[in-house]
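Asks: Predicted model follows, preceded by the sequence.
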Amino acid sequence: MSYLCIVIKTKGNINSPTEYKMTKMIKFTKMHGAGNDYIYVDTTKYPIESPEKLSVAWSAPHTGIGSDGLVLIGSSDKADFNMRIFNADGSEAKMCGNASRCIGKYLYEYGLTSKTAVTLDTLSGIKVLKLHVEDGRVDTVTVDMGIPADMQEQTVEACGRPFTGTTVSMGNPHLVIFVDDIKEIDLENIGPKLENHPLFPGRINVEFAQVLENGKIRMRVWERGSGITQACGTGACATAVAAALTGRAGRTSDIIMDGGTLTIEWDEKNGHVMMTGGAVRVFDGEIEIR
């Protein structure tokens with residue numbers, strides 16, 4: 001097995017003779033779900049301090065590992081395992097659908113569990129992961145994302161034009177805006193304006209979506225704290241819910257994002273949103289903290 005070794009200077013002066021006195025190696029795994037990539041660390045083996053700062057340093061594409069953020073896997077007295085997520089800017093997220101699927105694959109394939117139904121303790125509550133295993137490998141994962149909340153129509157202005165969308169909370173806040181042609185949206189400029197709009201004092205994730213044929217929806221996302229990403233699991237769920245609420249789609253949708261497709265089902269009986277998609281291990285590595 002090959003390892004990537006990167007030295008991250010977290011404090012001190014590089015010219016200081018004390019800079020190299022204290023070091024420790026942290027093993028990590030880089031994984032992605034539909035292109036939404038994070039760095040995963042098992043903190044039961046490798047406890048780390050200041051994850052906010054490390055997420056910023058390690059997420060950097062040229063001087064760090066490169067990712068959308070840092071995910072910590074830990075123990076829990078409420079569930080089988082605990083998950084904490086830190087965005088690329090160091091802010092902590094309450095939930096990440098893509099990361100939860102990757103954790104399911106990590107736990108099973110690295111021998112932390114033999115269960116195919118795993119409970120995960122997150123800041124937005126306990127999530128249940130159903131692992132679909134083939135030949136000893138986790139192919140896809142279905143996550144019970146819970147019941148959506150705070151759903152309402154909202155009109156906001158950004159870059160000199162009004163946008164009418166639907167707010168949906170999937171344990172974290174989303175604003176879903178449907179458009180006729182998603183290619184015409186300048187997400188790089190509009191995204192940060194909407195994320196930091198005064199109407200959303202805690203900031204918000206932003207999805208632009210275009211309804212296609214046969215239950216398919218094309219979506220692009222500006223993630224709170226990370227910017228444009230290849231995919232967002234909670235955003236895909238929010239988009240499917242908003243489409244059903246506004247009569248644009250049925251209860252099951254395939255959400256097509258820049259990095260891949262997720263299947264979202266909003267159960268009419270219990271109100272829960274089920275998200276199914278793949279998870280990919282990119283590589284394992286070691287990183288040195290000084």
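Replies: Received, thanks. Just so it is clear, the structure is predicted and the values come from calculations on it, not from any experiment.
Asks: give the contact list for residue 206.
Replies: 174, 175, 177, 190, 191, 194, 195, 221, 222 (Cβ atoms under 8 Å, 6 or more residues apart in numbering). In this view, the C-beta of every residue, glycine as well, is placed from N, C-alpha and C.
Asks: Number of residues surrounding residue 210?
Replies: Residues near residue 210, counting by other Cβ atoms under 10 Å, number 19.
Asks: so which helix or strand takes in it?
Replies: Using DSSP states H and E, residue 210 sits within strand 205-211.
Asks: next one: residue 102
Replies: helix 97-109.
Asks: related to what we said a few turns ago, nearest to residue 256, of the contacts of residue 206?
Replies: residue 221 (11.8 Å; Cβ to Cβ).
Asks: now the helices for the stretch 1-150 of the chain?
Replies: 51-59, 97-109 (DSSP state H, counting those that start in this stretch).
Asks: Would you mind naming the residues that bridge with the residue nearest to residue 92 when sequence neighbours are not counted?
Replies: Distance criterion Cβ to Cβ, 6 or more residues apart in numbering; nearest residue to residue 92, sequence neighbours excluded, is residue 86 at 5.5 Å. Legend: beta-bridge partners of residue 86 under DSSP bridges are residue 70, residue 92.
Asks: Residue 86 touches residue 99, doesn't it?
Replies: No - judged on Cβ atoms under 8 Å, residue 86 makes no contact with residue 99 at a distance of 10.5 Å.
Asks: which residues touch residue 180?
Replies: residue 210.
Asks: re the thing from before, can you tell me which of the helices of the stretch 1-150 of the chain is packed in deepest?
Replies: Comparing those by mean neighbour count (mean count of other Cβ atoms under 10 Å), helix 97-109 comes out on top with a mean of 27.
Asks: Return that helix as CSV; C-alpha atoms alone will do.
Replies: This file holds the C-alpha atoms of helix 97-109, laid out as CSV (Å, rounded to 0.1, in the frame of the first residue of the first chain):
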residue,chain,number,x,y,z
GLY,A,97,-25.0,13.2,3.1
ASN,A,98,-22.0,12.3,0.8
ALA,A,99,-19.7,12.0,3.8
SER,A,100,-22.1,9.7,5.7
ARG,A,101,-22.1,7.3,2.7
CYS,A,102,-18.3,7.3,2.6
ILE,A,103,-18.2,6.7,6.4
GLY,A,104,-20.4,3.6,5.9
LYS,A,105,-17.9,2.2,3.3
TYR,A,106,-15.0,3.1,5.5
LEU,A,107,-16.4,1.4,8.6
TYR,A,108,-17.2,-1.8,6.8
GLU,A,109,-14.1,-2.1,4.5
